[in-house]
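*Asks:* Any chance you can model this:
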Amino acid sequence: MRAFDVGWKGRIVAAQPIAEKTPEELQEPLLAAMFNHIPFDGWSDKALKAAALDIGTTPEMAELSFPRGAIEALELHLLHADQHLAATLETLDLPSMKIRDRITLAVRTRLEQNTGNREIVRRGLTLLSLPQHLVTGSKILWRTADTMWKAAGDTSTDHNWYTKRATLSAVYSAVLLFWLSDDSEGHAETWAFLDRRIEDVMKIETAKFKMRKASANMPSFSRFLGRLRYPEV
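*Replies:* Numbers count the residues shown, from 1 in each chain. Just a heads-up that it's a prediction; the model follows:
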């Protein structure tokens, strides 16, 4: 007898037996089952194999589902987290807020979505901090920052696109580490820390704006050299 799942738009549909699922179709149930083991075994192949047994498949099928092991499962989890964040921020009235408030809310929303899963996050950072995964971790962090800026309405295409994401990546990383060790009521200390970091960023952005405005009226050294080389007739 087959179990039943709630399908699209709430329709009750027959669940496909685990034995009939392809390795790709097993990724989601394996990832969900891993959460029971990650607090003890971390994002590891041990946790992945235990998850396979939990859902009634074999470690070999788990290996086919995630050929690169637990790091691939973590990548899928963080992709889902970014997608969930983007979908949530779309439901909020961000356009009515100041830009600093949009970014603050984006970071706070991401952390609140992980409430109750701090050990899952901590174990994920441990894996991504290994030398062989530093590039992967950097790409994931950049994508998260990009998700936040897009939700905030950023449309820049010049060097500001890069500086905004690099700055937010640094801010989010610092706040995330603070949040992991914050036991204050309602994470009040984390939100205060976040406000201070965003304030620092706004000061930098203000300074950059003033510098660009001032330099716009200054003689261009490159144009000056160009005139020396190709004098106007």
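
*Asks:* Distance of the residue sitting nearest the centre point of the chain relative to residue 186?
*Replies:* Nearest to the geometric centre of the chain sits residue 144, at 3.1 Å (CA atoms, centre = their mean). Noted for residue 144: a distance of 23 Å to residue 186, by CB to CB, to the nearest Å. C-beta here means a position set from N, CA and C on the backbone, and glycine is covered the same way.

*Asks:* Give me the number of neighbouring residues for the closest residue to the residue nearest to the centre of the chain other than its chain neighbours.
*Replies:* Once flanking residues are discounted, residue 144 sits nearest to residue 82: 5.6 Å by CB to CB, 6 or more residues apart in numbering. Neighbours of residue 82 under the rule other CB atoms under 10 Å: 17.

*Asks:* and if you look at residue 128?
*Replies:* There are 20 residues near residue 128, going by other CB under 10 Å.

*Asks:* How many residues are close by the closest residue to it other than its chain neighbours?
*Replies:* The shortest distance from residue 128 to any non-neighbouring residue, by CB to CB, 6+ apart, is to residue 137 (3.5 Å). Using other CB under 10 Å, residue 137 is surrounded by 20 other residues.

*Asks:* Next secondary structure after the helix or strand residue 137 falls within?
*Replies:* Secondary structure assigned from DSSP states H and E places residue 137 in helix 134-151. Remark: after helix 134-151, the chain's next helix or strand is helix 159-180, criterion DSSP H and E.

*Asks:* Could you list the low-confidence segments of the protein?
*Replies:* 1-16, 204-233 (pLDDT under 70).
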